[in-house]
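# sequence? don't have it. structure:
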Ligand SMILES: Nc1ncnc2c1ncn2[C@@H]1O[C@H](COP(=O)(O)OP(=O)(O)OP(=O)(O)O)[C@@H](O)[C@H]1O
């Protein structure tokens, strides 16, 4: 008998004892159960493959699995975009395995963003034990001796974009056997390919397709994705060819209760500039975890950092040991870097009930077969809705109702989400943003393509047409490529693939080296070294913690030692910005909104040490060189007249804009009513909150973007708020901000007013990386500025003077 009351009972348990006046639950939603839709195995599917899948426990396929498999089988590229644990693997395994069995020379390639996921998928495939299908991993960990075997014999190669780029395409002649008969390419977890990395992968897939064609094959792409908005559009952009989408999920799902939770403001201590601080999401999650374990609910708690996961587990164990020592032993922490056997052991322990509570980083988000848990707690928004549902989706057994609790961190985006449930519960998962036309990505990718096979004029459309032609001209001028009548040729004997880091933004990487052992832990983009590996920074690598001793930008090395201090660090930087070119400009009568190219000069001036509780230990000063970045930005200006003009009275609905709704009115919109002394703080606060909220629209992290605000900007001649991409050439984030300006700024405003703090705190307008020590900040002034901008945009929206310009700064008027 289904226990549909269970989730609500669990929720009552975790809120028991909290007075109604300080109830942290801001919203509760019920998601109904869904029954499975099963179909017959298709007639073309190989009998042996079907028998093996049956033996593995899949009696009948779900409808979406066969819909996707049929499309792939008929030679169409397809993206399958369905929920967590909806059996996406089977949807690609069926056509690929059938093909490999039918044609003993056919080959396939599987790409995953992480090695761990690739290893899991290979394990699940190998357990089917289909004879003749020689599947093998080819990644950075594959021993040299095995690599030869994989090239010579493997028919299904499991790899990742990095290895495809450096290890396979760079020496494609050695892989000719695979390329001659490459029938399928699987791109798993494709929604993760976004920003600069996504743009690189998009061009990498075009390179892959071109090399395959050279050897005479034309593989079908099968992409697997979490549920996203417009999956076909995104997949087509990623692959560079048309892709069909399968989105109608036929897998069963248990009912779920989702609770949104905002930790209370603490009374006993305060943060920067005396601002109130909320109880940390990790501490709150530890308490919730303990209560759920007492109820016998198998619970996974997702925490952002490894240290956070350990503290959450520790907190839960401490509370439980006061109740029952044995229960305390049923809680564990899980981190990235666990060996596959350890992961399996943990999965089994959770499934059997030997463990009841696990606190983990997102290491358990992908590539684990854990589903059907009683509850999931998310401490902090994981950055994208796709990740949110991937994590939340681990809860929900058919029959029993499961509980999902989302605990907000003190950050404007989390504040917005717990007060606007529709933004989580009713919104399609965001489309990933990528921009394969970014010249900083296109140039190295075209160099790699030309080194693989000379590029011909007719191939350029696949690489962006005019954008590619322009970049090629520059590469020829730099003597990296030579133009001949038959195409563009790579001039050097060296392979460019070794120089091009597809996870970074170009330039020589900074090596992070453990001083004691000389072990290379990883590399960091030169552009972000000053904000990530400055002396004193706590640097996390595969879940282990290090502290940076020295950063030598000239020789490109950061020296670190292993240490796990009781604080986290965040860099504080100051920045200046100048406009290089305006690509789009819209005038709304006193408010102007622009999109364009900017030069950002930034300098890390120190870092903040903070305890996991939110308590600030101190700020340490640093003296690091200035960094220059040319990138894209979206900005708005507000005239002095509008800043000064009094606002529209609250009760005169119909004039201007009503609080945060962005509704146009009839008369001229009101102003901000700000005296000059308040303007810098108001703009500064509006900028911080806008940076915090852009990830809601642009699938980026707030650390991928930056901002500058000023009461008078030299290039615009007015009060201006800029939000810019953090990568050279931009990654599409500022463009998304420009396209979604009204909902973005309306959400920004809502996040600020939803926070009950009196004058600004980390949950609304304080920024963790503000180089000016979050001073000045004027919370009420920020709302007034945002109301003014939204009022003007909505009022003038219809008759707006939308000018599209493509001008270099030299001949552009400085004023937007
Ligand atoms: N038709 C089916 N009937 C019953 N069980 C199935 C069926 N298809 C897949 N499964 C099982 O569902 C579980 C989840 O499958 P799988 O890992 O492929 O899902 P997924 O959609 O890739 O998950 P994730 O969201 O984690 O990427 C596996 O244990 C698998 O064996």
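Looks like it arrived, so ask away. Just so we're clear, the structure is a prediction, and the values are computed from it rather than from any experiment.
# Residue 154 is in contact with residue 134, correct?
Yes - look at residue 134 against residue 154 with C-beta atoms under 8 Å: they come within range, at 5.2 Å. Glycine gets a C-beta too; all of them are placed from N, C-alpha and C.
# More neighbours: these two, which one.
Taking other C-beta atoms under 10 Å, residue 134 and residue 154 do not tie; residue 154 has more neighbours (21 against 14).
# Please report the confidence value the model assigns to the residue in the stretch 401-550 of the chain positioned nearest to the ligand.
Proximity to the ligand, evaluated over the stretch 401-550 of the chain using C-beta to the nearest ligand atom, is greatest for residue 429 at 12.4 Å. Looking at residue 429, its pLDDT is 72.
# and this structure, what are its domains?
The chain breaks down by the TED database into domains covering 17-32+253-426, 47-246, 442-498, 510-565, 575-602+629-648+669-796.
# near the ligand, anything from the second one?
Same thing as domain 47-246. Yes - contact of domain 47-246 with the ligand (C-beta under 6 Å from any ligand atom) involves 57, 58, 61, 62, 84, 85, 86, 87, 88, 89, 90.
# just to revisit the earlier point, measure how buried the residue of the stretch 401-550 of the chain closest to the ligand is and give me the count.
Each residue near residue 429 was counted by other C-beta under 10 Å, and the total is 21.
# tell me the contacts of it?
Residue 429 makes contact with 191, 226, 227, 228, 229, 384, 385, 386, 389, according to C-beta atoms under 8 Å, 6 or more residues apart in numbering.
# so where is the chain shaky, pLDDT-wise?
Scanning the chain for pLDDT under 70 picks out the ranges 1-4, 335-341, 365-371, 397-399, 430, 504-508, 542-543, 650-668, 702, 798-816.
# Give the burial count for the closest residue to the ligand within it, as a bare number.
Going by C-beta to the nearest ligand atom, the ligand is nearest to residue 87 of the chain, at 2.8 Å. By the criterion of other C-beta under 10 Å, residue 87 has 18 neighbours.
# do the one 3 residues further on as well
For residue 90, the neighbour count with other C-beta under 10 Å is 19.
# Checking my notes, it in a helix, right?
Yes - per DSSP: H, G, I helix; E, B strand; the rest coil, residue 90 lies within a helix segment.
# Give me the nearest residue to it, chain neighbours excluded.
residue 65 (5.2 Å; C-beta to C-beta, 6 or more residues apart in numbering).
# which residues touch the helix or strand hosting the one you found?
Using DSSP states H and E, residue 65 maps to helix 63-73. Applying C-beta under 8 Å, 6+ apart, the external contacts of helix 63-73 come out as 37-39, 41-42, 44-45, 61, 78, 80, 82, 86-88, 90-92, 94-95, 98, 184, 220, 222, 244, 246-251.
# Show me how far the next helix or strand after that helix is from its chain's centre.
On the C-terminal side of helix 63-73, the nearest following helix or strand under DSSP H and E is strand 78-81. Going by C-alpha atoms, centre = their mean, to the nearest Å, the spacing between the C-alpha centre of strand 78-81 and its chain's C-alpha centre is 19 Å.
# tell me what strand 78-81 is packed against?
helix 63-73, helix 88-102, strand 220-225, helix 231-239, strand 244-246 (3 or more C-beta pairs under 8 Å, 6 or more residues apart in numbering; DSSP states H and E).
# Looking at these, which is nearest to residue 292?
Ranking these by their distance to residue 292 (criterion: C-beta to C-beta) puts helix 88-102 first, at 28.7 Å.
# Now do the closest one against helix 63-73, angle only.
Interaxial angle of helix 88-102 relative to helix 63-73 (axes from the mean of the first three to the mean of the last three C-alpha atoms, to 10 degrees): 40 degrees.
# quick one: contacts of helix 88-102?
Residues from elsewhere that reach helix 88-102 (C-beta under 8 Å, 6+ apart): 42, 44-46, 48-49, 53, 58, 61, 64-66, 68-69, 72-73, 80, 82, 106-108, 121, 124-125, 128, 130, 132-133, 155-156, 183-184, 186, 188, 222, 224, 246.
# quick one: buried residues of that helix?
88-101 (16 or more other C-beta atoms under 10 Å).
# got it, and stretch 176-190?
177-179, 181-190.
# what's the span of it, first residue to last?
26 Å (C-alpha to C-alpha, to the nearest Å).
# among the buried residues of stretch 176-190, which two are most distant?
Among the buried residues of stretch 176-190, the pair separated by the greatest distance (C-beta to C-beta) is 177 and 189, at 27.5 Å.
# is it true that residue 639 touches residue 590?
Yes - Residue 639 is within contact range of residue 590, at 4.2 Å (criterion: C-beta under 8 Å).
# Can I get the buried residues of helix 88-102 in CSV including distance to residue 238?
Converted to CSV, the buried residues of helix 88-102 look like this (distance: C-beta to C-beta, whole Å):
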residue, distance to residue 238
88, 16
89, 19
90, 22
91, 18
92, 16
93, 21
94, 23
95, 20
96, 19
97, 24
98, 25
99, 23
100, 25
101, 29
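# Of those residues, which pair is most distant in space?
Between any two of these (C-beta to C-beta), the greatest distance is 20.9 Å, for 88 and 101.
# Next to the ligand, which bits of the chain? Give me the list.
Counting by C-beta under 6 Å from any ligand atom, the chain sits next to the ligand at 57, 58, 61, 62, 84, 85, 86, 87, 88, 89, 90, 369.
# which SS class is the first one?
Secondary structure of residue 57, reduced to three states by three-state DSSP: coil.
# any idea how far it is from residue 101?
20 Å (C-beta to C-beta, to the nearest Å).
# where exactly do the strands run in the stretch 51-200 of the chain?
Secondary structure of the stretch 51-200 of the chain (DSSP state E, counting those that start in this stretch): strands at 78-81, 107-111, 135-137, 156-159, 182-187.
# Of those strands, flag the one that's most buried.
Of these, the one with the most neighbours on average (mean count of other C-beta atoms under 10 Å) is strand 78-81, at a mean of 29.
# quick one, longest helix in this protein?
Secondary structure of the chain read by DSSP state H shows that its longest helix is helix 195-214.
# Report the buried residues of that one.
So helix 195-214, judged by 16+ other C-beta under 10 Å, has buried residues 195-212.
# Tell me the gap between stretch 240-248 and the middle of its chain.
With C-alpha atoms, centre = their mean, you get 21 Å for stretch 240-248.
# what comes up buried for it?
Neighbour-count burial for stretch 240-248, counted by 16+ other C-beta under 10 Å, picks out 240, 241, 243, 244, 245, 246, 247.
# Straight-line length of that stretch, end to end?
From its first residue to its last, stretch 240-248 covers 24 Å (C-alpha to C-alpha).
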